[in-house]
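Trainee: pasting the structure only:
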Ligand code: BGC
């Protein structure tokens, strides 16, 4: 009996060792490690911070004993030259897949071409390169290893406008017959900024409402800039302002502070709209210091981006475009 036990133990040890050995050897049926390069346009961005953290978290949840993901994530610091160098390095490092949040969508072609030439699959996120007709981008369509994962910014703009349209006074807070608004825009090169600016107002004019633009300024997605712009507009236009539209919540947070400083009251004499549904802003919507925001689903988008990256790693067929819906957020 003892002998049998000893033999069993010895066998267990041998197999155990073999299993351990193969686990670290990679090519002999052990864990396969994929190299994933991720370049984010700028770490210092409220929304992209949530997004990039979720990319890392979600990749971890997909790891198994046999598949690992080695993520190299870099901050492109809002500098296109820096990002081009980072992509060159990813190519030299022979990444198995690249996830790219472009600094400038106008540089899409150069980067896509390089990555495709190196035969590395590519998932573009958050900043959609547009074709000449504002639609599908030639470098993406029909390319079996390139795709874009994002949300249709027209929808977010429309939702902002609809939140205002659906109020009892349709956003005419001072009762002068027009919706007098201030627009605080993100980076003008970004279709999210262009579409949100256009479609928020379109939702109002489509409903037959009169609008009047008091000021339209570029805040580059930045909270401090949003604060400066709202501060100056409130000083210049005072009670004339019915609505402040911000292309994102970061800038809306800045505008909210300016509104408070000016002694104005959201919901009583002014309205404030953002996009993203950052936790701080959802709280403000619920306590009445913001009128509404629109959920920009960073969880849905990051998971889709990672899932499609994994498909590409597995050599599976992919679509060229993946869309994640926005959701209106008003007081609960
Ligand atoms: C978000 C912004 C963010 C931008 C970065 C947009 O979709 O709404 O908050 O700054 O993406 O590209």
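Mentor: Alright, I've got the coordinates. The shown structure was predicted, so the numbers you read here are calculated from the model rather than taken from an experiment.

Trainee: Test my guess that residue 296 contacts residue 276.
Mentor: Yes. When contacts are counted by C-beta atoms under 8 Å, residue 296 is listed as touching residue 276 (4.5 Å). To be clear about C-beta, it is placed using only N, CA and C from the backbone, and glycine gets the same treatment.

Trainee: So for those two, which residues contact both of them?
Mentor: Taking C-beta atoms under 8 Å, 6 or more residues apart in numbering as the criterion, residue 296 and residue 276 both touch 47, 248.

Trainee: Doesn't residue 328 belong to a strand?
Mentor: Yes. Counting by DSSP: H, G, I helix; E, B strand; the rest coil, residue 328 falls inside a strand.

Trainee: Spit out the contact partners of it.
Mentor: Going by C-beta under 8 Å, 6+ apart, residue 328 touches 159, 162, 163, 292, 294, 295.

Trainee: at 7 Å instead, please
Mentor: 159, 163, 292, 294 (C-beta atoms under 7 Å, 6 or more residues apart in numbering).

Trainee: So which of the residues you listed are in strands?
Mentor: residue 294 (DSSP state E).

Trainee: Out of the contacts of residue 328, who's the most crowded?
Mentor: Highest neighbour count within these: residue 294, with 30 neighbours (other C-beta atoms under 10 Å).

Trainee: Check the gap between it and residue 273 for me.
Mentor: Shown here: residue 294 relative to residue 273, a distance of 8 Å by C-beta to C-beta, to the nearest Å.

Trainee: show me what contacts the most centrally placed residue in the chain?
Mentor: Among the residues of the chain, the one closest to the centroid is residue 126, at 4.5 Å (C-alpha atoms, centre = their mean). Contacts for residue 126 were tallied using C-beta under 7 Å, 6+ apart; they are 48, 51, 101, 150.

Trainee: and the first one, how far is that from the ligand?
Mentor: This points to residue 48. Residue 48 sits 5 Å away from the ligand, going by C-beta to the nearest ligand atom, to the nearest Å.

Trainee: Grab the nearest non-local neighbour of that residue.
Mentor: Excluding its sequence neighbours, the residue lying closest to residue 48 (C-beta to C-beta, 6 or more residues apart in numbering) is residue 40, at 5.6 Å.

Trainee: Tell me, how many residues neighbour the residue lying closest to residue 240 once chain neighbours are set aside?
Mentor: Residue nearest to residue 240 in three dimensions, not counting chain neighbours: residue 180, with 5.3 Å by C-beta to C-beta, 6+ apart. For residue 180, the neighbour count with other C-beta under 10 Å is 22.

Trainee: Please see if the helix or strand encompassing residue 180 touches the ligand.
Mentor: Here residue 180 sits within strand 179-185, counting by DSSP states H and E. No. Judged by C-beta under 6 Å from any ligand atom, strand 179-185 stays clear of the ligand, getting no closer than 11.3 Å.

Trainee: Show me what that strand is in contact with.
Mentor: Residues outside strand 179-185 that contact it (C-beta under 7 Å, 6+ apart): 164, 171-172, 193, 197, 204, 209-219, 226, 229-230, 233, 240-247, 251, 255.

Trainee: Which SSE is immediately downstream of that strand?
Mentor: With DSSP H and E setting the assignment, the helix or strand that follows strand 179-185 is helix 191-206.
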